[in-house]
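> next one to model:
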Amino acid sequence: MPIPPRVSLVTLGVSDLARSTAFYEALGWQRSSASVEGVVSFFGAAGAILALWGHDDIAQDARVPAQPPPVFRGVALAINLETSPAVDEAFAQVQAAGGDVVKPPERTDWGGYAGYFRDPDGHLWEVAHHPGWPIGPNGTPQLP
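Now for the predicted structure:
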């Protein structure tokens, strides 16, 4: 059987769980009761789960060296929204929560509107409106 094409869980390694949890809660994300105080925080997201877990804990679990993360990891997570004004509103909330806006939203060469921010541990997030990818009833973009 082939591996199904889906992302079920994204786990971000963090240096300070309480700080990172507070950041995502300040964005309006609801922490799940499945979270374990001081160990791991889970947040429901459209179609997946976001987990925050200690950087060293992930390394130990995966049996890889616990090296400090690079400034840029070569990965960006994305939140697609229904409109360009919704992207602007999201960035206002990111700034109010203490996020680091690295590229304010702007028109893109692919016809959309997008920008980037970093969370407290440097994880890069894109917030975008893509006019060709409407947001479906489950909150995920619909590919053509």
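> list the buried residues for the lengthiest helix in the chain?
Across the chain, the longest stretch assigned as helix under DSSP state H is helix 84-96. Buried residues in helix 84-96, counting neighbours by 16 or more other CB atoms under 10 Å, are found at 84, 86, 87, 88, 90, 91, 94. (C-beta placed from N, C-alpha, C; glycine too.)
> how about stretch 21-38?
Here stretch 21-38 shows 21, 23, 24, 27, 31, 35 as buried, counting by 16+ other CB under 10 Å.
> looking at those residues, which are in helices?
Counting by DSSP H, the part of the buried residues of stretch 21-38 found in helices is 21, 23, 24.
> just the closest of these to residue 140, please.
Nearest to residue 140, judged by CB to CB, of those is residue 24 at 18.8 Å.
> ok, the closest one to residue 14 distance?
Counting by CB to CB, to the nearest Å, the separation of residue 24 from residue 14 is 10 Å.
> and the next element down the chain from the helix or strand bottoming out on mean pLDDT in the chain?
Among the helical and strand segments of the chain, the one scoring lowest on mean pLDDT, DSSP states H and E is helix 55-62, with a mean of 92. Sequence-wise, the next helix or strand downstream of helix 55-62 (DSSP states H and E) is strand 76-80.
> so what touches that following strand?
The contact list for strand 76-80, computed with CB atoms under 8 Å, 6 or more residues apart in numbering, reads 10, 90, 116, 123-130, 133, 135, 140-141.
> now with 10 Å, please.
The contact list for strand 76-80, computed with CB atoms under 10 Å, 6 or more residues apart in numbering, reads 7, 10, 12, 27, 45-46, 48, 50, 86-87, 90, 112, 114, 116-119, 123-130, 133-135, 139-142.
> from those residues, which land in helices?
In helices, defined here by DSSP H, the members of these are 86, 87, 90.
> how about the last one, what does it touch?
Listed by CB under 10 Å, 6+ apart, the contact partners of residue 90 are 27, 28, 79, 81, 99, 105, 115, 117, 125, 127, 128, 129.
> just give the number of residues close to the nearest residue to residue 10 once chain neighbours are set aside.
Nearest non-adjacent residue to residue 10, counting by CB to CB, 6 or more residues apart in numbering: residue 50, 5.4 Å away. Residue 50: 17 surrounding residues under other CB atoms under 10 Å.
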